[in-house]
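Asks: model this:
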Amino acid sequence: ARTLGKAVGLPVTVGGGGPADGPEGVAAAHAEAVRCVKALLRLERKGTGGTLADLGFVGVLLGDQADVAGYVRATLGPLIDYDAGRGTELIRTITAYFACGANLSRAKDELHVHVNTVVQRLDRVASLLGDDWQSPERVLEVQLALKLMRVLGQ
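Replies: The predicted structure follows:
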């Protein structure tokens, strides 16, 4: 999108689809790319490019074959890996934190730990997911991934 935009001197929005194999696959990939471009434009991402996978939960909902486990992995993977490798409870902590309306005092009671422990865990979450993990858009993605994780039985 950036390269094309420079070449024509205007913002260019590019949606990708695929991979594709054969004529039917190409038609399906084209339809996916069209859905992606429409979503990019409606999400006010004119002049950018991406695939449905780049659109997070929106891409999962718009795709023909929802990769729910892949979405969960892409969103929470660093926390899942950290918990698995160190025996920590970051997933449990953010689940409780959100269930308690982002109230540290209620979350510490729910988790039966000191409030400093909750703060330290949330700091670790920020270091793994990025400082913007509590921005409104990211919170929506993280909470959806947590719910889907529960649905998947993970």
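
Asks: show me which parts of stretch 73-92 are buried, residue by residue.
Replies: Residues of stretch 73-92 classed as buried: 73-76, 78-80, 82-83, 89-91 (neighbour count, 16 or more other CB atoms under 10 Å). Heads up, the C-betas are built off the backbone N, CA and C, glycines and all.

Asks: right, I mislabeled it, should have said stretch 28-35
Replies: 28-29, 32-33, 35.

Asks: make a markdown table out of those and add distance to Val113 and secondary structure.
Replies: Formatted as a markdown table, the buried residues of stretch 28-35 follow (distance: CB to CB, whole Å; DSSP: H, G, I helix; E, B strand; the rest coil):
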| residue | distance to Val113 | secondary structure |
| --- | --- | --- |
| Ala28 | 49 | helix |
| Ala29 | 48 | helix |
| Glu32 | 45 | helix |
| Ala33 | 47 | helix |
| Arg35 | 44 | helix |
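
Asks: which one of those residues sits closest to Ala20?
Replies: Comparing the buried residues of stretch 28-35 against Ala20 with CB to CB places Ala29 closest, at 3.8 Å.

Asks: distance of that closest one from Leu4?
Replies: Going from Ala29 to Leu4 by CB to CB, to the nearest Å gives 19 Å.

Asks: what's the answer for Arg92, then?
Replies: Distance of Arg92 to Leu4, given as CB to CB: 45 Å.

Asks: now swap in Leu122 and tell me
Replies: Taking CB to CB, one finds Leu122 at 41 Å from Leu4.
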